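predicted structure and sequence below. I'll ask about it afterward.
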Amino acid sequence: MQVYRGMDIGTAKATPAQRAGVPHHLIDLADPGEDFSVTQWVGAARDVLAGIEARGSTAILVGGSGLYVQALVDGFEPPGRWPDIAAELDAEVDTLSLHRRLVALDALGASRMEPTNRRRVIRALEVTLGSGRPFSSFGPGLRSYQPSKWYLAGIDVPRQALAKRITNRLQGMLDAGLVDEVRCLSSREGGWSRTARQALGYREIAAHIEDGVPLADASEAADRHTKRFSVRQRSWWRQDPRIKWSETSGNTLALAGEILRDWSQTWP
């Protein structure tokens, strides 16, 4: 979500001072009114990596958005988009019914996702119907972990400590002006895109601004949804056997030296 200009506080973008000290990439690429897909992001990331490598430098890819990171690391080629089909599918409120439809069209693809994961089910049906090919035919899936040229490191914080960090982080964003930032986005001529609007924190505060949800309720929902997302992140990354994990309940920055030493000693 840091690709969006004007979405600074809620995405925890590096400050101008931090960016002056260490080059950051893939920030402020798009207007909030634009949909920005994983395919566009991977293309932009590959261009950036080529430039970094041409300068004889090494990139550090930092993130927790599993699909995006894995698409780049594993060379995953996402299928195209068929917005009209996706909109028609989204009009069906029964996610389990959509999953049964996917089972009939692509049993293998359907077996790779939870029947209640509405977003993935709709996407798989969109691709299957739009392309005329089963969704599963586009690759072995995100759970196929091939040898990688990347050194993969994970930092694991105990769930209770992480939950406290999430609450404190959200309060810091609110104190820094998140409500005003979302208000500015909501008042934009032409609005903001579906992709931008789905960002954690933004969608909940938008409900406060646009629908009159009390701020306390909107903030509690943002906190709750972010914690749920962190659980899903943990589950996603824990399935990747290539990641070397470091655990801490303290200052995660203190692990940087350990991770860099291991990378330099073990990676070609």
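On my side now, so go ahead.

please list all residues in contact with V121.
V121 makes contacts with 95, 98-99, 102, 110, 113, 115, as judged by CB atoms under 8 Å, 6 or more residues apart in numbering. C-beta here means a position set from N, CA and C on the backbone, and glycine is covered the same way.

6 Å instead?
98-99, 102 (CB atoms under 6 Å, 6 or more residues apart in numbering).

can you tell me which of those residues has the most neighbours?
The residue in the contacts of V121 with the most neighbours, by other CB atoms under 10 Å, is L102 (25 neighbours).

and the contacts of V121 as JSON lines, adding distance to S144?
As requested, those are exported to JSON lines (distance: CB to CB, whole Å):
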{"residue": "L98", "distance to S144": "24"}
{"residue": "H99", "distance to S144": "21"}
{"residue": "L102", "distance to S144": "19"}
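
outside of the longest helix along the chain, which residues touch it?
If each helix of the chain is counted by residues according to DSSP state H, the longest one is helix 215-238. If you take CB under 6 Å, 6+ apart as the criterion, helix 215-238 is touched by 64, 66, 154, 162-163, 166-167, 170, 200-201, 204-205, 207-208.

walk me through the domains of this protein.
Per automatic domain parsing, the structural domains of the chain span 16-76+145-266, 83-138.

of all the ones you listed, which one is nearest R5?
Proximity to R5 (CB to CB) singles out domain 16-76+145-266 among the domains of the chain, at 4.6 Å.

ok so, going back, and the longest helix of the chain, what's buried?
For helix 215-238, the neighbour count (16 or more other CB atoms under 10 Å) marks 218-219, 221-223, 226, 230, 234, 236-237 as buried.

quick check: buried residues in the host helix or strand of S97?
S97 belongs to helix 95-105 when assigned by DSSP states H and E. For helix 95-105, a neighbour-count test (16+ other CB under 10 Å) marks 95, 98-99, 101-102 as buried.

again with stretch 46-53
Under 16+ other CB under 10 Å, stretch 46-53 has no buried positions.

any stretches of the stretch 1-150 of the chain with poor pLDDT?
Judged by pLDDT under 70, the stretch 1-150 of the chain has its weakly predicted residues at 139-143.

returning to that earlier point: name the next helix or strand following the helix holding S97 along the chain.
Taking DSSP H and E, what comes next after helix 95-105 is helix 107-111.

quick one: the very next helix or strand once past that following helix to helix 95-105, angle?
The helix or strand immediately downstream of helix 107-111 is helix 118-131, counting by DSSP H and E. Calculated by axes from the mean of the first three to the mean of the last three CA atoms, to 10 degrees, helix 118-131 forms an angle of 40 degrees with helix 95-105.

now the helix or strand just after helix 118-131, how far from the centre of its chain.
Next helix or strand after helix 118-131 toward the C-terminus (DSSP H and E): strand 153-156. Distance, stretch centre to chain centre, for strand 153-156: 17 Å (CA atoms, centre = their mean, to the nearest Å).
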